[in-house]
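K.L.:
can you look at this prediction? I've put the sequence above it.
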2 protein chains.
Amino acid sequence: MLIVQKYGGSSVGNPERIKNVARRIIETKRAGNDVVVVVSAMGDTTDDLITLADQITDDPSEREMDMLLSTGEQISIALLAMAIQTMGEEAISFTGAQVGIMTDSIHSKAKIVDVKGSGKMRAELKKGKIVIVAGFQGIDKDFNITTLGRGGSDTTAVALAAALKADECEIFTDVDGVYTTDPRIVSEATKLDVIAYDEMLEMASLGAKVMHSRSIEMAKKYGVVIHVRSSFNKVKGTLIQEEDAQMENIVVRGVALNKDEAKITISRVPDRPGIAAKIFKMIAEGNVNIDMIIQNVSEKGFTDISFTVLKEELKKARKVLDRIAADVGASGVTYGDNMAKVSIVGVGMRSHTGIASAMFEALASKGINIEMISTSEIKVSCVIDSKDAEKAVKAIHDKFKLGGKKVMKEKISAAK
Amino acid sequence: MLIVQKYGGSSVGNPERIKNVARRIIETKRAGNDVVVVVSAMGDTTDDLITLADQITDDPSEREMDMLLSTGEQISIALLAMAIQTMGEEAISFTGAQVGIMTDSIHSKAKIVDVKGSGKMRAELKKGKIVIVAGFQGIDKDFNITTLGRGGSDTTAVALAAALKADECEIFTDVDGVYTTDPRIVSEATKLDVIAYDEMLEMASLGAKVMHSRSIEMAKKYGVVIHVRSSFNKVKGTLIQEEDAQMENIVVRGVALNKDEAKITISRVPDRPGIAAKIFKMIAEGNVNIDMIIQNVSEKGFTDISFTVLKEELKKARKVLDRIAADVGASGVTYGDNMAKVSIVGVGMRSHTGIASAMFEALASKGINIEMISTSEIKVSCVIDSKDAEKAVKAIHDKFKLGGKKVMKEKISAAK
């Protein structure tokens, strides 16, 4: 099998951990596999480099910042190659540039457009070498070094797995996999054996921080099966893959929570065509990111428009909103900054009915008031007061019977 | 003018110094010049990276070591570019790979074979940008990252100056230039305005540590005039250039001292053809570097063979020499490990006579015994007891009237 493995910054945080990672890679190799490894920068390296830049300037150019930060992964790959070599296996490290990870030219958040070095990597694998590639980085068509932004190393791993048509893409992280909900909130949360790309994308965008959306989008596009698992144990993790017929039997895959929401309502807006477009164009010009939008007719000829933003965007939003309200002739703006969004996600919703109402019932049974509702094909989200957030997640998790025995089973098999 | 400037690791040792270097570069640019800058890694960076590698393995592969160490210069160029940009000039940084510094594949001491990115650098200069290039590094034909070994950044600067046909190649260092001898030994030592490539090569190989031989060889090959000067002041330094007729008027340019010599004598070697060849082949196989060799007939049919090695090589030499002496039927081996080599260098020797004897007189006048003598077209070296080393240098420096007024003059002009 050809396996792509990705290890994050904390997995290679110091020389001792690098050696541990090397041992794990060698095990995979000696089990008869070809192995391509993607690594991030060592724990604090990136922060140290940013501190250096801060001492030079408040406003570094993004091109030079990418030049600077890309050294972090270059250090990791060299050290990891040395560690593997010293343990008796052959290894060779490559920067993003050296294996032709071509990106666009948007420094600090570049997108991979092509991987040109598949032949080169295959040639090294054929010689029996473990191939180690710097994550998070690439080059544009003019050979400028670029970085891929948040979750960049995951994206590198998926892109390599796609280019090499790898059999597996293992993402090693500090959790055992993707859970039905945050285990810190609901102790019965169960690790999922499998989750569909679309479900994972909703979970990721709703606040489950295991993987960044971009890498999942790429995996979906190229049909790369991702195996998210822990770098600290050998327990099987979660497969992120194309949905199949069987997946639809489970209507709710997981419950996601985002506690940092704020709700904004513009009241008594004159109700005429194009008014919402005007309002949200002005908000966008203020560089505020909107999440959910709800519009209700309040009395004849007028409407209330509510929407949510991340709490950290609220300040920016306030700056533009009073002016906007006056501009469109609204009566005023109200802000609620202690909101949470709780969501259920599952591709089974497409073929099952009564899911949303079951969720509302779960909330009602605990006396939790719903402020806003938004739905998509595979998701239902409710905005509630953030003081009720944990209670809501527990109630919904219970209602859909997501927790329980499964965790027990796995603990036993891990102990074997 | 097109000027190539090189700043060493101590000149860019911390963010404050990087800013100072940026100011100096901007001055050169604003005086109407195009500027290409070569920088080394920041002060301790290389040591820190080596420490990391040491924690992984005792015996790192040289390819991976080059991958690791080349990040040091990449950090410097990014930070220097940021510093220049924040002071209001445009700048762009490039790794060795990005400006096509092509080398052979001898990792850790690669030789530059070509510079392919002249067009790219010229295009950036034309846009008004200051071009910053990572010293010490290149790539081989398979895009492996290589490093150039000791003095590597100087070599990068000279190679770029040659490729770009620069008008000047300034090497900024922590001394004011090249002196007639080490000013710590002879306080009257004078800074030279000019020195010929061949003289500098002899001085460098004889222990004057301002510049590494390889960069001077390359400058000679391509006719690049090097200006060695201090990064801490604006005093004109020393030009290293092709010799001209006028240079021959000065018979002795400088006095060099190497205190770490050891003398080895193999006594009463049977004197037959091929015996020296046999001995030195065996020594070479023991990986011992030989400096001077003297052979004298001692009595009919026998010869004494003496040679010098660096003191640090003595241990290695002892390992092989007793066996060699027995092998060739010599009577024994003696070691003198407190030797010094003092040398005079000057292209004027080619056209002047009596230089060597004047040197011997200077030593005799102080009662210093000469153990070995070796001469080349532009050099005379004497091996003496190392306890007499400083006294010898002073006497010779005096004899050829190398010190004196000039230093005074420059101190005054620097003070103006």
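P.N.:
On my side now, so go ahead. Here the structure is a predicted model, which is why all the values come from computation and not from measurement.

K.L.:
what distance do you get for the residue in the stretch 101-250 of chain A that chain B sits nearest to to A:Q98?
P.N.:
As assessed by Cβ to the nearest Cβ, chain B sits closest to A:F143 within the stretch 101-250 of chain A, at 5.4 Å. Just so you know, the C-beta spots here come from the backbone N, C-alpha and C atoms, and that holds for glycine as well. Separation of A:F143 from A:Q98 (Cβ to Cβ, to the nearest Å): 11 Å.

K.L.:
list the contacts of the host helix or strand of A:L239.
P.N.:
Assigned by DSSP states H and E, A:L239 belongs to strand A:238-241. With Cβ atoms under 8 Å, 6 or more residues apart in numbering or on different chains as the test, strand A:238-241 has contacts from A:177-178, A:191-197, A:200, A:211, A:216, A:219, A:225-229.

K.L.:
list, one by one, the residues from the stretch 51-200 of chain A near chain B.
P.N.:
Within the stretch 51-200 of chain A, the positions near chain B by Cβ under 8 Å from any Cβ of the partner chain are A:52-53, A:55-61, A:63-65, A:67-68, A:70-71, A:74-75, A:77-79, A:81-83, A:85-86, A:92-93, A:95, A:97-98, A:143-145.

K.L.:
recalculate using a threshold of 6 Å.
P.N.:
Contacts of the stretch 51-200 of chain A with chain B, taken as Cβ under 6 Å from any Cβ of the partner chain, map to A:55-57, A:60-61, A:64, A:67-68, A:71, A:74-75, A:78-79, A:81-83, A:85-86, A:93, A:98, A:143.

K.L.:
mind checking which of these are buried?
P.N.:
Among these, those classed as buried by 16 or more other Cβ atoms under 10 Å in any protein chain shown are A:56-57, A:60-61, A:64, A:67-68, A:71, A:74-75, A:78-79, A:81-83, A:85-86, A:93, A:98.

K.L.:
how's chain A carved up into domains?
P.N.:
A:2-173, A:255-399 (automatic domain parsing).

K.L.:
just the ones you listed: most buried one?
P.N.:
domain A:2-173 (a mean of 21; mean count of other Cβ atoms under 10 Å in any protein chain shown).

K.L.:
how far does it sit from its chain's centre?
P.N.:
Computed by Cα atoms, centre = their mean, to the nearest Å, the chain-centroid distance of domain A:2-173 equals 18 Å.

K.L.:
quote the end-to-end distance of it.
P.N.:
This stretch, domain A:2-173, spans 20 Å end to end (Cα to Cα, to the nearest Å).

K.L.:
stretch A:130-148 now?
P.N.:
Start-to-end, stretch A:130-148 (Cα to Cα) is 24 Å.

K.L.:
find the nearest non-adjacent residue to A:D337, please.
P.N.:
A:A262 (4.4 Å; Cβ to Cβ, 6 or more residues apart in numbering or on different chains).

K.L.:
so where do the strands sit in the stretch 201-350 of chain A?
P.N.:
A:226-230, A:238-241, A:254-270, A:290-299, A:302-310, A:332-345 (DSSP state E, counting those that start in this stretch).

K.L.:
need the ones you listed in JSON lines with mean pLDDT and distance to B:S306, can you?
P.N.:
Below are these laid out as JSON lines (pLDDT from 0 to 100; distance: least, Cβ to Cβ, whole Å):
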{"stretch": "strand A:226-230", "mean pLDDT": "95", "distance to B:S306": "68"}
{"stretch": "strand A:238-241", "mean pLDDT": "95", "distance to B:S306": "75"}
{"stretch": "strand A:254-270", "mean pLDDT": "91", "distance to B:S306": "81"}
{"stretch": "strand A:290-299", "mean pLDDT": "79", "distance to B:S306": "86"}
{"stretch": "strand A:302-310", "mean pLDDT": "89", "distance to B:S306": "81"}
{"stretch": "strand A:332-345", "mean pLDDT": "92", "distance to B:S306": "86"}
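
K.L.:
separation between the closest residue to A:P270 other than its chain neighbours and A:D322?
P.N.:
Nearest residue to A:P270 in three dimensions, chain neighbours excluded: A:G329, at 5.2 Å (Cβ to Cβ, 6+ apart). From A:G329 over to A:D322 the distance is 13 Å, taken as Cβ to Cβ.

K.L.:
can you check A:Q85 too?
P.N.:
63 Å.

K.L.:
helices of the stretch 1-150 of chain A, start to end?
P.N.:
Along the stretch 1-150 of chain A, the stretches classed as helices by DSSP state H, counting those that start in this stretch are A:15-30, A:45-56, A:62-86, A:118-126.

K.L.:
indicate which one of those is closest to A:I112.
P.N.:
Proximity to A:I112 (Cβ to Cβ) singles out helix A:118-126 among the helices of the stretch 1-150 of chain A, at 13.1 Å.

K.L.:
with only the CA atoms kept, save the closest one in CSV.
P.N.:
What follows is helix A:118-126, C-alpha atoms only, in CSV (Å, rounded to 0.1, in the frame of the first residue of the first chain):
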residue,chain,number,x,y,z
SER,A,118,4.7,12.8,-8.3
GLY,A,119,7.2,11.2,-10.6
LYS,A,120,10.1,12.4,-8.4
MET,A,121,8.4,11.1,-5.2
ARG,A,122,7.6,7.7,-6.8
ALA,A,123,11.2,7.4,-8.0
GLU,A,124,12.4,7.8,-4.4
LEU,A,125,9.8,5.4,-3.1
LYS,A,126,10.9,2.9,-5.6
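
K.L.:
outside of it itself, list whatever touches it.
P.N.:
A:D34, A:I92, A:V99, A:V131, A:A163, A:L164 (Cβ atoms under 6 Å, 6 or more residues apart in numbering or on different chains).

K.L.:
model confidence score at the last one, please.
P.N.:
Spelled out, it's A:L164. We have a pLDDT of 97 for A:L164.

K.L.:
same check on the one 5 residues further on?
P.N.:
pLDDT, the model's per-residue confidence, is 97 for A:C169.

K.L.:
find the nearest non-adjacent residue to it, please.
P.N.:
A:A161 (3.8 Å).

K.L.:
helix or strand for the one you found, which one?
P.N.:
Taking DSSP H and E as the definition, A:A161 sits inside helix A:152-163.

K.L.:
check which element follows that helix along the chain.
P.N.:
Toward the C-terminus from helix A:152-163 - assigned by DSSP H and E - lies strand A:168-173.

K.L.:
quick one: list the elements packing against that next one.
P.N.:
Packing partners of strand A:168-173 (3 or more Cβ pairs under 6 Å, 6 or more residues apart in numbering or on different chains; DSSP states H and E): strand A:2-7, helix A:152-163, strand A:226-230.

K.L.:
and the contacts of the longest one?
P.N.:
The list of residues contacting helix A:152-163 from outside it, by Cβ under 6 Å, 6+ apart, reads A:4, A:6, A:36, A:38, A:40, A:112, A:115, A:118, A:135-136, A:148, A:169, A:171, A:211-212, A:214-215, A:218-219, A:222, A:224.

K.L.:
same deal with stretch A:12-26?
P.N.:
Contacts for stretch A:12-26 (Cβ under 6 Å, 6+ apart): A:7, A:11, A:35, A:37, A:39, A:42-43, A:76, A:79-80, A:83-84, A:87, A:89, B:55-56.

K.L.:
quick check: the farthest pair among these?
P.N.:
Farthest apart among these by Cβ to Cβ are A:G43 and A:E89. That separation is 24.4 Å.

K.L.:
grab the nearest non-local neighbour of A:H107.
P.N.:
In space, and not counting its chain neighbours, A:H107 is closest to A:E62: 3.6 Å by Cβ to Cβ, 6+ apart.

K.L.:
and the pLDDT at the one you found?
P.N.:
Looking at A:E62, the pLDDT reads 96.

K.L.:
pretty sure it is touching A:S108, no?
P.N.:
Yes - between A:E62 and A:S108 a contact is recorded at 4.6 Å, counting by Cβ atoms under 6 Å.

K.L.:
before I go, just wanted to say thanks for your time.
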